[in-house]
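>>> coordinates only, no sequence provided:
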């Protein structure tokens, strides 16, 4: 056996696990999802099959992200006309907006095989080398949460993305030899919820970068209507609008709320999801008209009623609501900040006037645009 063949056999026999689905990886995200599974944008362990059945299969079926879809259409059509794999693609944005679905659509549009793995699953350079050398010509490799890939593997990925080859070290010590292995041309699609954590060299090797934004209510209504048809749910336009308005701009949450409202409609109504049925159902699941759940309201209530609107430290706030600091900081606060209910300041967390109004209270004068709340 030649040195190159031996090296290829060695890396292909590397430890398994590089194709683990990001939906089932053991990560803090999954743990956080269990805290608030109804309005969490993070995937739940038991939703994999349901989400797969609702995913759009083609770019024309994908709802929302109009600018990203138009840009991708040009990139993909140009690549197909040249009969070459398209540039590597980086998809960034909050969880639940359809990055995995879009990656699958890219492979479907290209008519190419699709390989899925996640950053935390690639712990060593050998894991990545084994995966890359097994890719066929034109295959699409999707790495979810790519910012969490191990640094040695990331450095190996640089050469693979740029030159379609990897150098495998055979042997140890002074006798170690680097054997280059040629790779079949492939397209890497990376997805990240934290683009700022990507290193510059990795980010620069993506030829096309797209940022996915939150959906507006009409777009979510279209998502819900499509999902209702696939699930066989009888849904009125008003019912779709009611669910969409509480979905926090996230399709994953919209589909989850649709299933919960469907269950309620089948058990306590005539099976038709109308606006009143949706309102009653979401009241049972403790999701209010803004999409806030129990944890969100507990944070706001503690901040306003116990601490006078702040500023208060996140550790104190976490103790007040009986949750871990990470849960409050990573799970509850992002939406509260985006909704204009809470602000993170150098002195601590501060309730905005909208938070007082949402709780039916009158904000103090300092909270109404008062600069003293945001002084360092």
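Cool, got the structure. Fair warning: this is a prediction, and the values are worked out from it, not measured in the lab.
>>> what's the closest non-adjacent residue to residue 249?
residue 214 (3.2 Å; Cβ to Cβ, 6 or more residues apart in numbering). The C-beta positions use only the backbone N, C-alpha and C, and glycine is treated the same way.
>>> same deal with residue 255?
residue 227 is the one closest to residue 255 (Cβ to Cβ, 6+ apart), at 5.1 Å.
>>> what about the one you found, how many residues nearby?
Per other Cβ atoms under 10 Å, the neighbour tally for residue 227 reads 22.
>>> touching, it and residue 253? I think so.
No - the pair residue 227 / residue 253 is not scored as a contact, 11.9 Å apart, by Cβ atoms under 8 Å.
>>> circling back to that earlier point, a strand runs through the residue nearest to residue 255, doesn't it?
No - with DSSP: H, G, I helix; E, B strand; the rest coil as the criterion, residue 227 is assigned helix and is not in a strand.
>>> which pLDDT value goes with it?
pLDDT, residue 227: 91.
>>> which parts of the stretch 201-350 of the chain are strands?
208-211, 234-235, 272-273, 342-345, 348-351 (DSSP state E, counting those that start in this stretch).
>>> check which helices and strands the third one is in contact with.
It stands for strand 272-273. strand 234-235, helix 237-245, helix 251-268 (3 or more Cβ pairs under 8 Å, 6 or more residues apart in numbering; DSSP states H and E).
>>> now residue 157: how far from residue 211?
Look at residue 157 and residue 211: by Cβ to Cβ, to the nearest Å, they are 21 Å apart.
>>> which one's more surrounded, these two?
residue 157 (25 against 13).
>>> any weak-confidence spans in the stretch 1-150 of the chain?
The model of the stretch 1-150 of the chain has pLDDT under 70 over residues 1-37, 40-49.
>>> please redo it, this time with the cut-off set to 90
Under the criterion pLDDT under 90, the flagged ranges of the stretch 1-150 of the chain are 1-61, 63-66, 79-80, 82-87, 93-98, 118-138, 149-150.
>>> show me where it has strands.
89-92, 114-118, 140-144.
>>> just how off-centre is the second one within its chain?
It refers to strand 114-118. 15 Å (Cα atoms, centre = their mean, to the nearest Å).
>>> so what does it touch, helix or strand wise?
helix 99-110, strand 140-144.
>>> what do you get if the cut-off is 10 Å, keeping everything else the same?
helix 99-110, helix 125-133, strand 140-144, strand 187-192 (3 or more Cβ pairs under 10 Å, 6 or more residues apart in numbering; DSSP states H and E).
>>> please tabulate those in JSON lines, including the columns mean neighbour count.
Output for the helices and strands packed on strand 114-118, formatted as JSON lines (neighbours: other Cβ atoms under 10 Å):
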{"stretch": "helix 99-110", "mean neighbour count": "21"}
{"stretch": "helix 125-133", "mean neighbour count": "23"}
{"stretch": "strand 140-144", "mean neighbour count": "25"}
{"stretch": "strand 187-192", "mean neighbour count": "25"}
